[in-house]
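Trainee: Need a 3D model of the following:
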Amino acid sequence: MFKVFAYLTKRADLSREEFIDYYENHHVPLVLSHAPLPRVYKRNYLSRGDAANLESPAIGFDVVTETVWDDRSGFENWISSLGIPAIAEDEARFLDRSKTTAYVIEEGVSAP
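Mentor: Next up is the predicted model:
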């Protein structure tokens, strides 16, 4: 399994609700029209100000996007499928792309 977490930041002029709406209802369908569905494609939105969060003002992202493939080649195919101007143009409509970071993740599980 090959897993990547991307930490994405909304544009400053968008509310949290506008950001989530655009990502879920415009960007995700666009992405899936150009690339095959990974094994997992989740968006995990930060809930700022929630009492359960031990939030630092240094948190610089609004969503953690989780993608999982069977292997690295699946990820590489995904990236090459999405390397088109339409995707970058759409991301500019709702993301501050200068703050995007992504990491390959190794998962450890303690319970079934």
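Trainee: Find the residue ranges of this protein scoring beneath the pLDDT cut-off.
Mentor: Low-confidence segments of the chain (pLDDT under 70): 49-57.
Trainee: does the residue nearest to the spatial centre of it sit in a helix, a strand or a coil?
Mentor: Residue closest to the mean C-alpha point of the chain, counted by C-alpha atoms, centre = their mean, is residue 65 at 2.8 Å. The three-state label given to residue 65 by DSSP: H, G, I helix; E, B strand; the rest coil is strand.
Trainee: wait, doesn't it sit right on residue 9?
Mentor: No: using C-beta atoms under 8 Å, residue 65 is not in contact with residue 9, being 11.6 Å away. Every C-beta, even on glycine, is put in place using the N, C-alpha and C of the backbone.
Trainee: Burial check on the nearest residue to the residue nearest to the centre of the chain once chain neighbours are set aside, number of neighbours?
Mentor: Closest residue in space to residue 65, ignoring its immediate chain neighbours: residue 6 at 4.4 Å, by C-beta to C-beta, 6 or more residues apart in numbering. A total of 15 residues lie near residue 6 under the criterion other C-beta atoms under 10 Å.
Trainee: ok, now the one 5 residues further on?
Mentor: Residue 11 has 16 neighbours, counted by other C-beta under 10 Å.
Trainee: Would you list the phi and psi of it?
Mentor: In terms of degrees, to the nearest 10, the main-chain angles of residue 11 are phi -60, psi 150.
Trainee: Could you tell me the end-to-end distance of stretch 66-86?
Mentor: This stretch, stretch 66-86, spans 21 Å end to end (C-alpha to C-alpha, to the nearest Å).
Trainee: And it, how far out from the chain middle?
Mentor: Centroid separation between stretch 66-86 and its chain, computed with C-alpha atoms, centre = their mean, to the nearest Å, is 13 Å.
Trainee: That one: which residues count as buried?
Mentor: For stretch 66-86, the neighbour count (16 or more other C-beta atoms under 10 Å) marks 66-69, 74-75, 78 as buried.
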